[in-house]
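S.K.: Requesting a structural model of the entry that follows:
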Amino acid sequence: MEPSTAELLDMYETMAMIRNFEETMARVYMEGKTPVFDIAAGPVPGEMHLAAGQEAVAAGVCAHLRPEDTVAGTHRAHHFAIAKGVDLKAMAAEIFGKDTGLSHGKGGHMHLFDPRAKFSCGGIIAAGLPVAVGAALAAKKQGKDWVAVAFFGDGAANQGAFHEALNLAAVWRLPVVFVCEDNAWAISVPKRDSTSVPTNADRAAAYGIPGTYVGENDVLAVFAAAGEAVARARRGDGPSLLECRTDRYFGHFQGDPELYRPKDEVVRLKEHDPLRRLSQHLLETGRATAEEIEELGRRAGARVEEAIAFARSSPYPAPEDALRHVFFEGGN
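M.R.: Now for the predicted structure:
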């Protein structure tokens, strides 16, 4: 499946926006946290998981999705949110803990919810897979051709929720696409030490569904594989499992000393930067000029700058609203 010029340019701008947002957040997050790292200090306290280097998976899959399709992400989810069309200003404000955020600043960066974009994410490993299965079941019962996508990491494929979700989706032939991001690390554990099969796509056979491995951090390859999987789901032919090889340029979290990684690993990974690869493809095929590509980058950067400024200037939630918009289980 070959993307049109318009789709290529849209994916490039999406990837540029993701990269700019993640690199900006890496700088903003460290404000007030040096010289001695203090996780509670600065304008963005708490943990921060960034996805620079992993843009191709989000952009290549979400290019096939419609507004009514559902995406369930992980704790590292900014790239999925941006690719799905989550409001960038509201997302930034949520990360800053501001009242103008998606959840009035009470969810933070690991719990982004945007009903308009039909996007959600959470901090529990593999928890998004059953959510996507539920959304797919709802679509099927309503007779809609809507698709649900569950994004998750290679470490999540060893959780029980992964197997339960794939089994149920296969039994009920649900319109869901399971997308595993293989960045080679489950926090600090290499995939080779945690997973018994060469690729998680091999596990699809156990549930009688297609499994595809995309071995390069290339948005064109992701776009092609995802196109087939999404089309299959829309036709009512059931779920698919994709595993997409990608690269994580930052640590598991910001402030991670990354002692588990070879010192030159990130330098080597950046030799195959997916953003630069797509830029070269656009130039070599005559789909865009260098000036047009630069303009897309500038436009993406301007949107990120505007969103960060909005987040910084927004008010914090009022103390008396501490229990508003919060759901409690049990009790009165």
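
S.K.: Please name the nearest non-neighbouring residue to the residue most central in space within the chain.
M.R.: Central residue of the chain (CA atoms, centre = their mean): Phe80, 3.0 Å from the mean position. Using CB to CB, 6 or more residues apart in numbering and skipping residues adjacent in sequence, the residue nearest Phe80 is Gly73, 4.2 Å away. (Each C-beta comes from the backbone N, C-alpha and C, glycine too.)

S.K.: mind listing what that neighbour touches?
M.R.: Phe80, Ala81, Leu112, Phe119, Ser120, Cys121, Gly122, Gly128, Phe151 (CB atoms under 8 Å, 6 or more residues apart in numbering).

S.K.: Provide a PyMOL selection command restricted to the buried entries of the residues you listed.
M.R.: Restricted to buried positions by 16 or more other CB atoms under 10 Å, the PyMOL selection for the contacts of Gly73 reads:
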select buried, resi 80+81+112+119+120+121+122+128+151
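
S.K.: Between the contacts of Gly73, which sits nearest Ala307?
M.R.: Of all those, Ala307 sits closest to Ala81, with 11.7 Å by CB to CB.

S.K.: was I right about the closest one contacting Arg116?
M.R.: No. Look at Ala81 against Arg116 with CB atoms under 8 Å: they stay out of range, at 11.9 Å.

S.K.: follow-up on the earlier one: the residue nearest to the centre of the chain - that's part of a helix, no?
M.R.: Yes. Under DSSP: H, G, I helix; E, B strand; the rest coil, Phe80 sits within a helix.

S.K.: ok, it - contacts?
M.R.: Phe80 makes contacts with Ala58, Cys62, Val71, Gly73, Thr74, Phe119, Cys121, Phe151, as judged by CB under 8 Å, 6+ apart.

S.K.: Next: Phe253.
M.R.: Glu47, Met48, His49.

S.K.: Wait, Glu164 touches Pro130, no?
M.R.: Yes. Using CB under 8 Å, Glu164 is in contact with Pro130, at 7.0 Å.

S.K.: quick one: low-confidence ranges for this protein?
M.R.: Along the chain, the parts satisfying pLDDT under 70 run over 328-332.

S.K.: can you pull out the strands in it?
M.R.: 70-73, 113-114, 119-121, 148-153, 176-182, 185-186, 189-190, 211-214, 240-245 (DSSP state E).

S.K.: So the residue lying closest to Gly123 once chain neighbours are set aside versus Lys191, what's the distance?
M.R.: The shortest distance from Gly123 to any non-neighbouring residue, by CB to CB, 6+ apart, is to Met110 (4.1 Å). Distance from Met110 to Lys191, counting by CB to CB, to the nearest Å: 22 Å.

S.K.: do Thr199 as well
M.R.: According to CB to CB, Thr199 and Lys191 sit 9 Å apart.

S.K.: One more: Gly73?
M.R.: Distance, Gly73 to Lys191, by CB to CB: 20 Å.

S.K.: buried ones in stretch 284-295?
M.R.: Residues of stretch 284-295 classed as buried: Arg287, Ala288, Ile293 (neighbour count, 16+ other CB under 10 Å).

S.K.: any idea which of those is closest to Leu174?
M.R.: Lowest distance from Leu174 to these (CB to CB) belongs to Arg287, with 35.8 Å.

S.K.: what about the closest one, distance to Arg276?
M.R.: 15 Å.
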